[in-house]
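*Asks:* Show me the folded form of this:
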Amino acid sequence: LPDRHWNEQMLDEACRLVLKEIVLPGSAGDENVDYKKTLMVSFFYRFFLEVSQSLKTMDSCHYPGIPVEYGSVLQDFKTRMPQSIQIYQANPSQSPQDPVGRPVMHQSGIKHATGEAVYIDDLPSVDGELFLAPVTSSRAHAKIVSIDTSEALKGPGVFDVITAHDVPAANEFHFSDDPEIIFARNEVICVGQIVCAVVADSDVHAKQAAAKVKIEYEMLEPVILTIEEAIKHNSFFEPKRKLEQGNVDEAFETVDNIIEGEICIGGQKHFYMETQSMLAVPKGEDKEMDLYVSTQHPAIIQEMVAASLGVPANRIMCHVKRVGGAFGGKILRTGLLASVAAVAANKTSRAVRLILSREDDMVITGGRHPFMAKYKVGFMNDGRITAVDAIYYVNGGCTPDESVLVAEVSLLKMDNAYKIPNLRCWAYVCKTNLPSNTAFRGFGFPQSGLVTETWITDVADKTGLSPEKIREINMYKKSEQTHFKQTVDPQNLIRCWNECMEKSAYYSRRTAINEFNKQNYWKKRGIAIVPMKFPFGLGTPYLSQAAALVHIYTDGSVLLTHGGIEMGQGIHTKMIQVASRELNIPMSRIHFCETSTTTVPNAFASVASAGTDVNGMAVKDACQTLLKRLQPIIEKNPTGAWNDWIREAFKQSVSLSATGYFRGYNEYMDWEKGEGQPFTYFLFGAACSEVEINCLTGDHKNLRTDIVMDIGCSINPAVDIGQIEGAFVQGVGLYTMEELKYSSEGVLYTRGPDQYKIPAVCDIPEQFSVSLLSPSQNPYAIYASKGIGEAGFFLGCSVFFALRDAVTGVRNERGLKKTFALKSPLSAEQIRANCADAFTGMV
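*Replies:* From the prediction side, this is the model:
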């Protein structure tokens, strides 16, 4: 290109030469070669614009420079310190001693920040402790012909290799038809399945030896990885579920318009900061074993380990101090891994530590279920949607785990905030050769909710009305029945929507965005507002039972324990607030030590946003029992101090220890009839997000988000708003960034933060405001609060639809009339491809 004029003709030729001369090493299964090629010419074009701009300043007679609306693309997105606002209402009539409803800091907040908080891998080593490294399958579906451990056993510091033959009792658990398996015995059913494990004197020695174990396989057919392949081979877990209301087929006859579409939603890894971690310590007598595990469900760890070792549950003590993030991923999978460690500890009679590396964690464990949804929607020209027929295909992975339950919840919550008079939806769980997918914050709703909002937006495109108008027209307006015949009162939904509209100044910003888009060709902004109804409940009463144990010592201090697990969400802080209010003593007098199967037996998992709801009731019950016992003493000496009453109670032989219990919520669902009361109450919310995209690269910036949330009367607004913010950002990850890639053999490529992108500080909206709706009564939960752990997650899709809005703006301006479908996550690659121009054309 030397001696050429710096003009459009040179640009065109340069781009073609670049594409010809630069050969990209396309790694196996790399679909983004086209994206990379597009980026090469797009970046070259940006350079062309920059030079053109400089030439103009040197010689404006010969060089006209660039159009003014092209200028903004030369500025990169900057990461600014996020400005955030949190709004809640204080209760002025509350007694100053009562901590409930106040923004109390998380009890371990400072320790999290300084690194003093103790996690499993911070526990000091036990004398003679061994480290365990798993050996995993490299094939998705194969017969194990032989396992050769001879080289591994010669390695330095290697103690032993543990296989299925070393399991004293159960190697398989039949929670449903297909088993959950500890060690693969004769065949492997996914890449990452544990075949055997090496124990050695250090984790380095164990990992080195694990790499030397040679496994010979014989491939088995078929290898099913995708939903499409599962449908083709008719590979499903039973039962298939359906919900129906109204007369769908008849309704389709009478509508003005019908659209059909499909959307694919990718999976998501839990990416908890603390990977799967456990320490198994045999006691040396009576087959007792202490287990220190990072889990949401100590009781299932106890049950599975006891079954695998063939001992009664009363010999296995499971302890949990805190968990470094879980999000649903530390239940059944953790039980299998804890059994691996326990079997090794049992065989060697030594303590065994198992801490998965990030890479192993991502390969071995499943995550959120990928969805493929097909829908047919019938609507009137005025935007009223009267008929919907939808099918969800859910990728369950290789074992059942909780997949059918996830499919059921996705059906029950699919209506989101909308009343659709005629509705039919099916859910099929696909059985594939991927690691078994499991529970993940939101549990099916983030997927089915996105499908619903996608067809809402499709209807808006078709009718020419704005998406927010279609949302308003079809939203629940009065107390009415859902598609499974449970009554919902939507007044707080409407309040959240109106307040979010107002706080976000939606309409004036819409106008400003249109103006910005007129003045900028290569950068565009988009905005979207999304409502949410989030039903709370576990569907079965026994799943929400809970217990607590409260001791008062003679010095007046209180030790509190309950069945809930602290995974960063602040449950212990809230439980201390509850005990403080009930016993009428300062929070500083109350301590929480750990959750353990020795103090609270048979506790259910901390899941489904229910931890505070159910354990709070149990703690309250225990405290009230104690207070009742103290009542006669307090009445005799009403001016006395707490310590006087406690000493007197001890002298009078009054028991200063009590258990508390909560029986659970009265919930049920009849799938034969397709009706029930599977939920106890509903949370509501709305979120408005604004984004800016760079059409040349597909990159985007989250500019602003406003969230309004109805959470009843918050027990701790600081902790609750933290949960809303955290869930929202994790949702933004699912819908816009976190993309899992597998080879055609089922091997995961994205094994760490270098390939798998989770939200970072630069992805937090520059202006981020969360306000709690003014307190409203929720008669069903502790102190009229609501369980908040998961609800905020789905609101992350407001960013997805803001991006879609920006892309729509680009396509309209360029006269691209063809309808376009977006997949989740809406990555830079997709944004770039849908902003079609001369450069995508070249590629």
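
*Asks:* Backbone dihedrals for residue 344, please?
*Replies:* When read as degrees, to the nearest 10, the backbone of residue 344 gives phi -60, psi -40.

*Asks:* quick one: contacts for it?
*Replies:* Shown in contact with residue 344 (C-beta atoms under 8 Å, 6 or more residues apart in numbering): 130, 132, 160, 162, 166, 197, 199, 280, 352, 354. All C-beta spots, glycine's among them, are computed from the backbone N, C-alpha and C.

*Asks:* can you redo those as CSV with neighbour count, pLDDT and distance to residue 451?
*Replies:* Output for those, formatted as CSV (neighbours: other C-beta atoms under 10 Å; pLDDT from 0 to 100; distance: C-beta to C-beta, whole Å):
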residue, neighbour count, pLDDT, distance to residue 451
130, 27, 98, 48
132, 27, 98, 41
160, 18, 98, 49
162, 27, 98, 44
166, 17, 98, 46
197, 26, 98, 40
199, 28, 98, 46
280, 29, 98, 42
352, 27, 98, 44
354, 27, 98, 38
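
*Asks:* just the residues you listed now: which is nearest residue 115?
*Replies:* Residue 115 has its nearest neighbour among these in residue 354, at 22.2 Å by C-beta to C-beta.

*Asks:* Which strand residues bridge that closest one?
*Replies:* Per DSSP bridges, the residues bridged to residue 354 are residue 278.

*Asks:* Tell me the spacing between it and residue 307.
*Replies:* Shown here: residue 354 relative to residue 307, a distance of 18 Å by C-beta to C-beta, to the nearest Å.

*Asks:* Would you agree residue 128 is in contact with residue 350?
*Replies:* Yes: because the distance of 5.0 Å satisfies C-beta atoms under 8 Å, residue 128 is recorded as touching residue 350.

*Asks:* Those two: which has the busier surroundings?
*Replies:* More neighbours surround residue 350 than the other of residue 128 and residue 350, with 20 against 11 (other C-beta atoms under 10 Å).

*Asks:* Contacts only, for the residue nearest the centre of the chain.
*Replies:* Taking C-alpha atoms, centre = their mean, the centroid of the chain lies closest to residue 441, which sits 3.7 Å from it. Taking C-beta under 8 Å, 6+ apart as the contact definition, residue 441 lies against 327-328, 727, 730, 789-790, 793.

*Asks:* Could you rerun that using 6 Å?
*Replies:* Counting by C-beta atoms under 6 Å, 6 or more residues apart in numbering, residue 441 makes contact with 327-328, 790, 793.

*Asks:* which one of those is nearest residue 223?
*Replies:* Using C-beta to C-beta as the measure, the one of the contacts of residue 441 that approaches residue 223 most closely is residue 328, at 27.0 Å.

*Asks:* Isn't the closest one up against residue 440?
*Replies:* Yes: taking contacts as C-beta atoms under 6 Å, residue 328 lies within contact range of residue 440: 4.4 Å.

*Asks:* more neighbours, those two?
*Replies:* Neighbour comparison, residue 328 and residue 440: the larger count goes to residue 440, with 27 against 23 (by other C-beta under 10 Å).

*Asks:* Phi, psi for the more buried one please.
*Replies:* Dihedral angles (degrees, to the nearest 10) for residue 440: phi -160, psi 130.

*Asks:* Let me know the pLDDT of it.
*Replies:* Looking at residue 440, its pLDDT stands at 98.
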